[in-house]
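K.L.:
Sequence unavailable; structure follows:
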């Protein structure tokens, strides 16, 4: 049982014609390769595959849309978090500046108190000697 060669010289046709000829050759090959009983199964398989391709296209579009929405939401959340961190940094800097200025003024007050203490001690030492 030799199978006939399926090589056919195709005349130059447009793309749809070529696809139709290739599809016809595939169907012919299936007929030669499978017994008649299993041809019904192959036909159902072809119908299911066609539906699956449509479902895959819809699913692919849905997945792309879902990815795009997730990407946009991620960018918005990231932007909000970065803005919040920048706000916290600015607030912290302001608080540190306030504390620094308080420390500097307290340091000046402490130096003044030391000078006054030294003057009081000198006065007491001088007055104690006179008595």
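P.N.:
In hand now; what should we look at? Since the structure is predicted, the reported quantities are computational estimates derived from the model, not experimental observations. Numbers count the residues shown, from 1 in each chain.

K.L.:
just checking, what's the longest helix in this structure?
P.N.:
helix 36-130 (DSSP state H).

K.L.:
Which neighbouring elements make contact with that one?
P.N.:
Packing partners of helix 36-130 (3 or more Cβ pairs under 8 Å, 6 or more residues apart in numbering; DSSP states H and E): helix 15-33. Using the backbone N, CA and C atoms, a C-beta is placed for each residue, glycine as well.

K.L.:
Residue 18 and residue 26, how far apart?
P.N.:
13 Å (Cβ to Cβ, to the nearest Å).

K.L.:
again, but for residue 79
P.N.:
52 Å.

K.L.:
can you check residue 117 too?
P.N.:
From residue 117 to residue 26 the distance is 106 Å (Cβ to Cβ).

K.L.:
Over to residue 70?
P.N.:
Relative to residue 26, and taking Cβ to Cβ, residue 70 is found at 39 Å.

K.L.:
Residue 125 too?
P.N.:
Here residue 125 is placed at a distance of 117 Å from residue 26 (Cβ to Cβ).
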